[in-house]
Structure formats: C-alpha cells, structure tokens
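1. sequence first, predicted coordinates after that:
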Number of protein chains: 2
Amino acid sequence: MDAAPEPERLDIHNSEIPVLCRSCEARHRGICGALTPVELTQLSRHTVKQKVESDRELVSAGEEVKHYSNVLSGVVKLTRLMADGRQQIVGLQFAPDFVGRPFRRSSEVSAEAATEVKLCSFPKQAMDDMIAASPDLERRLYQQALEELDEAREWILTLGRKTAAEKVASFLLMIAENVDPDGIAGGRPIRFELPLKRADIADFLGLTIETVSRQITKLRKAGVILVEHNRTVTVPSLSRLRERCEVDAG
Amino acid sequence: MDAAPEPERLDIHNSEIPVLCRSCEARHRGICGALTPVELTQLSRHTVKQKVESDRELVSAGEEVKHYSNVLSGVVKLTRLMADGRQQIVGLQFAPDFVGRPFRRSSEVSAEAATEVKLCSFPKQAMDDMIAASPDLERRLYQQALEELDEAREWILTLGRKTAAEKVASFLLMIAENVDPDGIAGGRPIRFELPLKRADIADFLGLTIETVSRQITKLRKAGVILVEHNRTVTVPSLSRLRERCEVDAG
DNA sequence: CGGTACCTTGAGCGGGATCAACCAGCGTGG
DNA sequence: CCACGCTGGTTGATCCCGCTCAAGGTACCG
C-alpha cells in the first residue's frame, strides 16, 4: 500500500487551516486553540476580521447581540451606565479574550473599544451551534469565564476596600503584569503605554479624573513610576509598585 | 407539590435515584439536574450531606481544595482578606449554587457559612472526572459561572459608583428578589430574614457597620422597609425600594 | 446577675468629590 | 504663519459623605 509520509501530512494539515487564520496572532491561544481545522474552516466562513478605532461601541447595553468577537489586539472595556450618567467599567478584555455572552440574547453591559482594537467577529448563531457541538470549545469558554470571575472578584476587593492611592497602584500593577505576563523581565524596568485615558481609569476604579491624576502624580514624585507624554509609563521596580497596592504608605 | 399522575412510572423512575438525593430540595435545580440517574448514583457514592453552623469556614483562601459542594439551604459568603485585616465579601451563594473552582487547586477567596448552611459535598476528583465526561454538566457549570459573573459586575457598579444609601437599598433589593425570584408577590409586601448580620453587609458593600446601620434606620424611618428584631425585614413596595437604588433621594 | 454578641446613635474628622482655573498638544481654517 | 477650539491632563480651594472613635442599648446565655 502507499506510504503516508509525515511531511505531506503536515502540508495537508496546514492547507486545512483557513487563510484568514493562518497568520492570526491568537490562532493557538484563546478559544480558537480548541477548534479543529474543520471547525475553524466552518466558523471562518462567516468570520470578519476588522479594525475598530478607539471609543467606538461594539455592543450596546440591552440590545440584542448578533455577533461574538475575539480580541486580537487592543483593549475592550465593558461598561455599565446608570440612569443619571454615572458610569463604571466592569471589565477589561485583552487579546485573546472572547467578547460575548452565550445563553443570553443581550446583557446589561456595553462593550467599547478603549484603544484601537483589532478583532475577529462571527455570527452568534454559528458560534452557538459550534459551542453546542464541541465540548472542548465550551470548556475553553468556561475556563475564560472563571478567570474573568476571578478578576472581577479581585476588583471587587479593590473597589470596596482600597484607598484611592492603592486603587491606582493596583491598576498600574495589573497593566504591567498584563504586559509582562510571567515576570520575564525579572527585576528589569517595565515600560508600556497606558491603554486607558484618565477618564477611563477613573471609571474603572470608581474615582474621579482629578483623584486619578493626583495619585499618578504622587506615584511619579515618589519615584515609583516614570511618566512620559501622559500615557507612557515606566515601572523601575514591580515590587515597589506592589507595595503600594496594600499599604497606604504615609 | 407532587401530585403524581402516574404513580407506577414514577416509582420505577425513583428507584434509580440514589436514596440520598430522593428528597433533596435541589435535586432538579442546579447542577444535579444535568446528571443522569446513573451519574447521580456514581457521584452520590462519595457524597456527604452536612449541616454547617454559621461562621464556620468551608474553604480557606490559598489552601488546596479537596471538595466541592452544592448549597442546599442557607447562604455562603465568599470573602477576600487583605494583609492588614480589611475584608471584602466578593460573592454570595444561595441554594442551589455550586461552590468550588474547577481547573484550579486553590483560590484566593475563602468560603464561609453566613447562616446555618446545609450542603452536599463530594470529592473534587470524582466531580472533575464527571465534568470531563459530561458536557451537559459542564454546560450547567458554565452557565452558573456566567451568572455569577453578571452578578459580580452588577456589584462592581454598586461598589464603584453608588452612595451608601443606594448600596444598602440595592443589597436589600437583591435579597428581596432572591426570596421572591419571579415577582410572584406582585405588589404584595415581601418579608424575609436578613441572611447577613450588619458586619457582613458592611463587608459586602464596602462600608462600615455604622454606616450600614444608619442607612437601614433611614430607610425604616422613610417607610421603605419595616424591621423587626434587627433581622426580619418587610418590604411593602418593591418599586419604592427600587427607586432608592439609583437616585440619592434627598 | 454579669458577660458577650450584635446593633444603634452621636460628635468630629478627613479622604475624595466638586468646582474652577489653567496648561499642553493638535488639528482646522483664516 | 498664527488664532482658534477641542480633547485630555494637572492643580488648587472648598465641601461633604462616610469613616473613626466613643458611648449606650438590647437580647441572649452562663
């Protein structure tokens, strides 16, 4: 019989991956990693990759959701709005997070691009069918939901019990850790662009713009962070920043 | 309740259900509803029903978890503690909620009985195996996680943007709605026992005991609620209570 | 009885909100 | 080129909500 040599199988394998996905940054991360080439192909048939500029709304609170998305780059903020205009960011999503709420037609939160965002979106129905058919996919989604829940609870502690100074430090730490996920930098300085403007940070931390600004200034003057052009932050020592997250240093 | 139209079939059916589960309040709700009689039997082999008195710790932050539980009655509080003693309740679980964190050996939160609690606990390993084998079960857990996430985000808004008066009103509303899940009471008064003492309410809302007490007094004097023996609350009109959740009435 | 757990109430203070002014960067149009 | 408005950020002065500290009340239990 005819031999099935390895290299060929690999070629065939690759050719099964949809063009759209081949160069995708999130191809092996997030939920896509749980899909077989066949499933990926099926899904990609309805998929649109798009770039969304900052401040554009992706999902509007209360409206029926027709699409899910994967974040490929940038940051999406999930916000809740009160009748009188008070606003709170209830979650932040980074690549390769999945944006959407299975098992509900709509939700109370709206999703908005905090920065320029690249994402991959697909029709809810197609995805729902695939979820129902693929336990692996559902498991990934479940895991992400649990991680978001952990994060949400972390922020509940921050919002409920920390001072303004601690809140701002905690926020900066979260961003820094997101930039350098597994402490690869070791003791080296970490430098990054803040994905949120002051108003968003305030909405995230349950503070006002002015308080956020003052606390950032205080951290800067204390040498815990360096700030250039308002948005570029350098953290010389993660541990010094971490100290600021728990004790209201005098 | 159980007006059995077909006694015989019911008997046969019942005989497949483990003894432990036959009279369980949560038998058809929560995750157990997703299990087949066979699975139920398998799981119940390692299951223990227990009663836990108020304030006993079920799961300790950071420690390895060996058991999951189902809440059959009572309220479990999930708390996070800071190094200096500040505490925050990050979640409340009612019957028939599932308590546990799949895919992690431990978590940052500890679980404590807020009231006397009846629960059904089973070894983590047995449950993990069953989750892996049963997509239906996993789906239930996923759905519960999403609902907890929705609730967590609701409370993030409350913690971040509401005043003390609004926080307390929102808490009472949440409890009232939990007691009367689908507005069966219509316009009728709702009466219930507060499952949390003042200290817990404070930890839940990011306030102090004193502030909680003062706000409850204020609601009582305004006729929005009636309070007997500190813990028994009557809400004559849900909608009047609901008004207090958004607008800081003068 | 006294002891303890839980709750309420009052007096005073302070952290963060509010109100207001100002600054820097940047795109637009004259 | 500068004038202009606009967005985003900083800083200062003042105010007030909720915290802190302190005292007292009530129910329950030995």
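-> Nice, thanks for sending it over.
2. which segments of chain A make up each domain?
-> Split into domains by automatic domain parsing, chain A comes to A:6-156, A:162-243.
3. what residues does chain A put near DNA strand D?
-> Within reach of DNA strand D by CB under 7 Å from any atom of the strand, chain A has these residues: A:197-199, A:209-210, A:212-214, A:216-217, A:227, A:230-231. Where you see a C-beta, it was placed from the backbone N, CA and C, and this is true even at glycine.
4. so which of these belong to helices?
-> Assigned to helices by DSSP state H, the following of the residues of chain A next to DNA strand D qualify: A:198, A:199, A:209, A:210, A:212, A:213, A:214, A:216, A:217.
5. who wins on neighbours among the residues you listed?
-> For these, counting by other CB atoms under 10 Å in any protein chain shown, the largest number of neighbours falls to residue A:212: 24 neighbours.
6. quick check: it touching residue A:205?
-> Yes - between residue A:212 and residue A:205 there is a contact under CB atoms under 8 Å: 6.8 Å.
7. what sits in contact with each of those two?
-> Common contacts of residue A:212 and residue A:205 (CB atoms under 8 Å, 6 or more residues apart in numbering or on different chains): A:164, A:168.
8. list the contacts of the nearest residue to residue A:156 once chain neighbours are set aside.
-> Sequence neighbours aside, residue B:90 is the residue nearest to residue A:156 in space, at 4.6 Å (criterion: CB to CB, 6 or more residues apart in numbering or on different chains). The contact partners of residue B:90, by CB under 8 Å, 6+ apart, come to A:153, A:156, A:157, B:78, B:79, B:80, B:109, B:152.
9. rewinding a little: which single one of the ones in helices among the residues of chain A next to DNA strand D is nearest to residue B:139?
-> Each of these was checked against residue B:139 using CB to CB; the closest is residue A:199, at 38.7 Å.
10. ok, that closest one - contacts?
-> By CB under 8 Å, 6+ apart, residue A:199 lies in contact with residue A:209.
11. now do the same for it: its pLDDT.
-> Listed pLDDT for residue A:199 reads 98.
12. tell me how far it lies from DNA strand C.
-> 12 Å (CB to the nearest atom of the strand, to the nearest Å).
13. could you do residue A:132 as well?
-> Computed with CB to the nearest atom of the strand, the distance linking residue A:132 and DNA strand C is 44 Å.
14. now the element after the helix or strand where that residue lies, going C-ward?
-> Residue A:132 is part of helix A:124-133 when elements are defined by DSSP states H and E. With elements assigned by DSSP H and E, the helix or strand that comes after helix A:124-133 is helix A:135-161.
15. give me the helices and strands touching the next helix or strand after that next one, please.
-> Downstream of helix A:135-161, the first helix or strand assigned by DSSP H and E is helix A:164-179. Applying 3 or more CB pairs under 8 Å, 6 or more residues apart in numbering or on different chains; DSSP states H and E, we find helix A:164-179 packed against helix A:135-161, strand A:190-193, helix A:198-205, helix A:209-221, strand A:232-235, helix A:238-243.
16. the second one vs DNA strand C: in contact?
-> So the one you mean is strand A:190-193. No - applying CB under 7 Å from any atom of the strand, one finds strand A:190-193 out of contact with DNA strand C, separated by at least 14.0 Å.
17. pLDDT below threshold where in chain A?
-> Applying pLDDT under 70 to chain A flags the ranges A:1-15, A:248-250.
18. 50 instead?
-> Filtered on pLDDT under 50, chain A yields the residue ranges A:1, A:3-12, A:249-250.
19. for it, which residues are neighbours of DNA strand C?
-> Contact residues, chain A versus DNA strand C (CB under 7 Å from any atom of the strand): A:163, A:164, A:165, A:206, A:207, A:208, A:210, A:211.
20. neighbours of the closest residue to the third one other than its chain neighbours, how many?
-> For residue A:165, the nearest residue in space outside its immediate sequence neighbours is residue A:215; the separation is 5.3 Å by CB to CB, 6+ apart. Counted by other CB under 10 Å, the residues lying close to residue A:215 total 23.
21. now swap in residue A:100 and tell me
-> With neighbours defined by other CB under 10 Å, the count for residue A:100 comes to 21.
22. who's in contact with it?
-> Residues in contact with residue A:100 (CB under 8 Å, 6+ apart) are A:65, A:67, A:68, A:69, A:124, A:127.
23. next, the contact list for the last one, please.
-> By that I understand residue A:127. Residues counted as contacts of residue A:127 (CB under 8 Å, 6+ apart) are A:43, A:68, A:100, A:102.
24. from DNA strand D, how far out is it?
-> Separation of residue A:127 from DNA strand D (CB to the nearest atom of the strand): 32 Å.
25. now swap in the fifth one and tell me
-> Note on residue A:124: its distance to DNA strand D, by CB to the nearest atom of the strand, is 31 Å.
26. touching, that residue and residue A:46? I think so.
-> No - the criterion here is CB under 8 Å, and residue A:124 misses it with residue A:46 at 10.3 Å.
27. of these two, who's got more company?
-> Neighbours per residue (other CB under 10 Å) separate residue A:124 from residue A:46, with residue A:124 holding more: 17 against 13.
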